[in-house]
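S.K.: sharing a model prediction with you, sequence too.
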Amino acid sequence: MKTKYSLGDVAYRVATSTDQWWDVCPDCIGQRKWFAVLPSGEELFFRCPTCERANESLGVVSEYEAGGSVEAVTIKSIEVISSDSLVSERYNSAYYLGDMYDSREEAAAALPAAIEELKIHLEESRAQSLARKKKDRVGSMASHYLRQERQALKDLDAARRGLAREAAKG
């Protein structure tokens with residue numbers, strides 16, 4: 001079977017990358033907790049759900065930046081993958097034909113689109129993560145308040161029972 005590249009050929013590929021760094025959490029400003037005042041005047045503190053990882057608020061959030069470069073690749077292995085309706089070529093056990101270019105210039109022309117695609121993916125992932133955290137944030141505040149309300153009702157009920165016992169004795 002004839003493949004586009006042969007062993008020993010040099011082809012070019014677009015290699016995208018993601019740089020990660022940590023920044024101060026924008027919601028708790030690095031304090032790792034939130035403070036809220038309920039309409040009743042009750043003050044609450046709870047872990048910041050925005051920077052929370054593994055049940056611990058860190059005070060920082062991860063930020064990402066997409067980048068990329070063009071790499072020259074010497075073809076050392078070729079694999080032809082065939083199914084009923086599709087034949088694909090994979091080079092060096094990692095790169096598919098659609099990722100390979102004949103010249104550095106062709107690959108450089110494709111680089112901005114690949115970086116933009118990665119940026120879109122990073123933004124979608126970030127938006128999904130923030131949506132989950134926002135949902136968790138509201139749930140965290142509500143469950144904290146409900147726990148306190150239940151405890152207050154139990155305490156009130158216990159006090160009423162105590163008063164009823166005192167009244168029955170006296």
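M.R.: That came in fine, so what should we check first?

S.K.: which parts of the chain are strands?
M.R.: Taking DSSP state E as the test, the strands found in the chain are 10-24, 33-37, 43-47, 52-53, 56-57, 60-74, 78-82, 87-91, 95-96, 100-101.

S.K.: what's around the nearest residue to Met100 once chain neighbours are set aside, how many residues?
M.R.: Once flanking residues are discounted, Met100 sits nearest to Ala11: 4.4 Å by CB to CB, 6 or more residues apart in numbering. The C-beta positions use only the backbone N, C-alpha and C, and glycine is treated the same way. As a burial measure, Ala11 scores 23 neighbours (other CB atoms under 10 Å).

S.K.: give the contact list for Ala11.
M.R.: Tyr5, Ala72, Val73, Ile75, Tyr91, Met100, Tyr101, Asp102 (CB atoms under 8 Å, 6 or more residues apart in numbering).

S.K.: roughly how far does the residue of the chain positioned farthest from its centre sit from Gly162?
M.R.: Largest separation from the mean C-alpha position in the chain: Gly170, at 63.9 Å (CA atoms, centre = their mean). Between Gly170 and Gly162 the distance, using CB to CB, to the nearest Å, works out to 13 Å.

S.K.: repeat for Met100
M.R.: On the measure of CB to CB, Met100 and Gly162 end up 80 Å apart.

S.K.: of these two, give the one with the bigger neighbour count.
M.R.: Between Met100 and Gly162, Met100 has the larger neighbour count (other CB under 10 Å), namely 22 against 10.
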